[in-house]
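Visitor: sequence plus the predicted model coming up.
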Amino acid sequence: GGWDIEGEPYTQKDDTNFRWFRSRMLGGRTNHWGRISLRFGPNDFKKKSIDGLGEDWPITYDDLKPYYDKVDKLIGVFGTKENLYNEPDGFFLPPPKPRLHELYYIKAAKKADIKVIPSRLSVITKRINNDRGVCFYCNGCARSCNVYADFSSGSCLIFPAQNAGGQIDLYVNSMVRTVETNPEGKATGVSYINKDDGNEYKLNGKVVVLAASACSSARILLNSKSKQHPNGLGNSSDLVGKYLHDSTGGDMMAFLPQLTNRKIYNEDGVGGMHVYSPWWLDNKELDFPRGYHIEVWGGMGAPTYGTGFNVNHFNKFFGLKAGGYGDVLRSDMKKYYGSTIGFSGRGESVAMKSNYCEIDPNKVDKYGVPVLRFNYKWTDYEIKQAKHMQDTFEEIIHNMGGQPLWNKPGIESNYGLTKPGEIIHEVGTTRMGKNPKDSVVNQFERMHDVENVFVVDAGPFVSQADKNPTWTIMALAWRSSDHIVSEFKKQNF
């Protein structure tokens, strides 16, 4: 997987610069995500009612709460009960203690009246079953955990289901091309490409469940044209691929002179932040409609030379001689090691019909499958939000006596706003709704047009929220799975 895959291109319309990360592996993106596991809050399901933008979901937080609870208990998430209305509490394992750089953040953020709470990550800090171990704080989550203390769907869902005797056939190194249909337009299975031999095969089934990620599922549906579905499967509304939106992102890094020549000790912790700041303001008092949260990073992780740890940048800050190697370089690296801290804002964008992916009529991949073409522009809502992020980072750095490691971005760079797609939280391409004319799936992620096709990735999201989408994807998928089982028992398939 990656941003660019040989032989599997995607294209851009006009001056769009959308970035699309694809994970061609068992377990997909759960192999490399940050494991930030946040529930959407009650307000996140009714944003149109609050600010007049976008649409409300056809379900509420109360509809999904039982499934958030199930996900918490099955997978494990650490955190603390905070009684914040739009940051719902769950069933939490004990959180790890803040590290030194995070203590500096807590003090500086509170001085700016910014809320700080223990983070909520799907890393096991207390045993929950006999199949998975407990985190021993090696900070190596990105390399896959050898005791399965961090969550990925392969190690924590697929393999346990196989070991428990579940009826699971895995077709790896295979990529679905289309959903197949009969003359009545009902789905009968899928056609897929075996990437080992390049040939196309078919699988039959009474129900087809797509979970290929928002854009990949949209691509499959749009390529699944037939006499009954000339615009693509389930696309009578012409909304498959529309309302694509990603989280916003902005970053800043700082140097803390008071942390030079730190005592060196193991403060690895989990592979991620121990504290964070949920959205703390009222957008009605601001010039942008949706909020963001702040992620915190830094400390004494594995040192690297380059951006964020070029010791000569620090020497220049102190007016000292820059350059050197051998003992001088080692001494400088030890002196500055652990003296940096970083902040990442991750926020909600407003779903726009004008942001979409579609099939490029002039381009296919190496398997002969038509590829996606993206059309996406940030609006003033997101740009103003990014400015607020940078202003906030600046205040926090000032409060902790730090020095920014690069210049504060200005309007010429949209205040450091990341490119669309770069946060890898794309959602909305098969949006959920009650009316088939303005949505693709219903409240159970079942396609309006094709009753035996379900889409259970982030495509059905009506809006993103200022939270990471994974926990909501899984809660919705569990709810949809229960619905599928109920329909099978009623012999409705």
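Guide: Ah, there it is.
Visitor: pLDDT below threshold where in the chain?
Guide: 303-309 (pLDDT under 70).
Visitor: residue closest to the middle of it?
Guide: His425 (3.8 Å; Cα atoms, centre = their mean).
Visitor: now it: closest residue in space, sequence neighbours ignored.
Guide: Once flanking residues are discounted, His425 sits nearest to Ser247: 4.0 Å by Cβ to Cβ, 6 or more residues apart in numbering. The C-beta positions use only the backbone N, C-alpha and C, and glycine is treated the same way.
Visitor: ok so, going back, who's in contact with the residue nearest to the centre of the chain?
Guide: Going by Cβ atoms under 8 Å, 6 or more residues apart in numbering, His425 touches Asp246, Ser247, Arg346, Ala458, Gln464, Asn468, Pro469.
Visitor: please enumerate the helices of this protein.
Guide: 47-51, 61-75, 100-111, 153, 159-163, 214-223, 311-317, 327-336, 380-399, 470-489 (DSSP state H).
Visitor: to Lys13, which of those lies closest?
Guide: helix 214-223 (14.1 Å; Cβ to Cβ).
Visitor: how big is the angle separating the closest one from helix 470-489?
Guide: For helix 214-223 against helix 470-489, the angle by axes from the mean of the first three to the mean of the last three Cα atoms, to 10 degrees is 40 degrees.
Visitor: from the contact counts, what lies against helix 214-223?
Guide: Judged by 3 or more Cβ pairs under 8 Å, 6 or more residues apart in numbering; DSSP states H and E, helix 214-223 is in contact with strand 174-181, strand 208-210, strand 356-364, strand 370-375.
Visitor: mind redoing it with 6 Å?
Guide: Here helix 214-223 touches strand 356-364, going by 3 or more Cβ pairs under 6 Å, 6 or more residues apart in numbering; DSSP states H and E.
Visitor: list the buried residues for the strand it packs on?
Guide: Along strand 356-364, these residues count as buried under the neighbour rule (16 or more other Cβ atoms under 10 Å): Tyr356, Cys357, Glu358, Ile359, Asp360.
Visitor: ok, stretch 472-491 next?
Guide: For stretch 472-491, by 16+ other Cβ under 10 Å, it's 472-481, 483-484, 487.
Visitor: hey, C-alpha coordinates of that stretch in CSV?
Guide: The C-alpha coordinates for stretch 472-491 follow below in CSV (Å, rounded to 0.1, in the frame of the first residue of the first chain):
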residue,chain,number,x,y,z
THR,A,472,-17.8,4.9,14.4
ILE,A,473,-17.1,2.7,11.4
MET,A,474,-16.9,-0.4,13.6
ALA,A,475,-20.0,0.5,15.7
LEU,A,476,-22.0,1.1,12.5
ALA,A,477,-20.7,-2.1,11.0
TRP,A,478,-21.7,-4.1,14.0
ARG,A,479,-25.2,-2.6,14.0
SER,A,480,-25.5,-3.4,10.3
SER,A,481,-24.3,-7.0,10.9
ASP,A,482,-27.0,-7.5,13.5
HIS,A,483,-29.5,-6.2,10.9
ILE,A,484,-28.2,-8.6,8.3
VAL,A,485,-28.5,-11.5,10.7
SER,A,486,-32.1,-10.5,11.6
GLU,A,487,-33.0,-10.3,7.9
PHE,A,488,-31.6,-13.7,7.3
LYS,A,489,-33.7,-15.1,10.1
LYS,A,490,-36.7,-13.6,8.5
GLN,A,491,-35.7,-15.2,5.2
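Visitor: which of the contacts of His425 ranks first by neighbour count?
Guide: Counting neighbours by other Cβ atoms under 10 Å, Gln464 leads these with 30 neighbours.
Visitor: follow-up on the earlier one: tell me the one among the buried residues of stretch 472-491 nearest to Asn283.
Guide: Looking across these and measuring by Cβ to Cβ, the closest to Asn283 is Thr472, at 20.4 Å.
Visitor: can you tell me how far the closest one sits from Glu8?
Guide: According to Cβ to Cβ, to the nearest Å, Thr472 stands 28 Å off from Glu8.
Visitor: again, but for Leu233
Guide: Distance, Leu233 to Glu8, by Cβ to Cβ: 21 Å.
Visitor: who's more crowded, these two?
Guide: The neighbour count for Leu233 versus Glu8, taken as other Cβ under 10 Å, is higher for Leu233 (28 against 15).
Visitor: and the more buried one, how far is that from His448?
Guide: The spacing between Leu233 and His448, counted by Cβ to Cβ, is 11 Å.
Visitor: cool, and Leu100?
Guide: Leu100 sits at a distance of 53 Å from His448 (criterion: Cβ to Cβ).
Visitor: ok, Gly324 next?
Guide: Distance from Gly324 to His448, counting by Cβ to Cβ: 67 Å.
Visitor: higher neighbour count, the two?
Guide: Shown here are Gly324 and His448; by other Cβ under 10 Å, His448 has more neighbours (17 against 14).
Visitor: what residues are up against the more buried one?
Guide: Counting by Cβ atoms under 6 Å, 6 or more residues apart in numbering, His448 makes contact with Pro436.
Visitor: backbone phi and psi for it, please?
Guide: phi -60, psi -40 (degrees, to the nearest 10).
Visitor: could you single out the nearest of the buried residues of strand 356-364 to Leu210?
Guide: Here the nearest of the buried residues of strand 356-364 to Leu210, counting by Cβ to Cβ, is Cys357; it sits at 14.7 Å.
Visitor: contacts only, for the residue nearest to His425.
Guide: Contacts of Ser247 (Cβ under 6 Å, 6+ apart): Arg346, Ile423, His425.
Visitor: same question, Ser277
Guide: Ala109, Ile114, Lys115, Val116, Ile294.
Visitor: what bridges to it?
Guide: Ile294 (DSSP bridges).
Visitor: what about it, distance to Asp268?
Guide: From Ser277 over to Asp268 the distance is 22 Å, taken as Cβ to Cβ.
Visitor: check Ile106 too.
Guide: Taking Cβ to Cβ, one finds Ile106 at 19 Å from Asp268.
Visitor: just give me the closest of the contacts of Ser277 to Leu239.
Guide: Ile294 (33.2 Å).
Visitor: dump the residue contacts of the closest one.
Guide: By Cβ under 6 Å, 6+ apart, the contact list for Ile294 reads Ser277, Phe343, Gly345.
Visitor: how many other residues sit next to the second one?
Guide: A count of nearby residues for Phe343, using other Cβ under 10 Å, gives 23.
Visitor: wait, it sits on Asp391?
Guide: No - Phe343 lies out of contact with Asp391 (Cβ atoms under 6 Å); the separation is 11.9 Å.
Visitor: which neighbours do the two have in common?
Guide: With Cβ under 6 Å, 6+ apart, Phe343 and Asp391 have no common neighbours.
Visitor: Gln258 is in contact with Ser339, correct?
Guide: No - assessed by Cβ under 6 Å, Ser339 is found out of contact with Gln258, at 8.2 Å.
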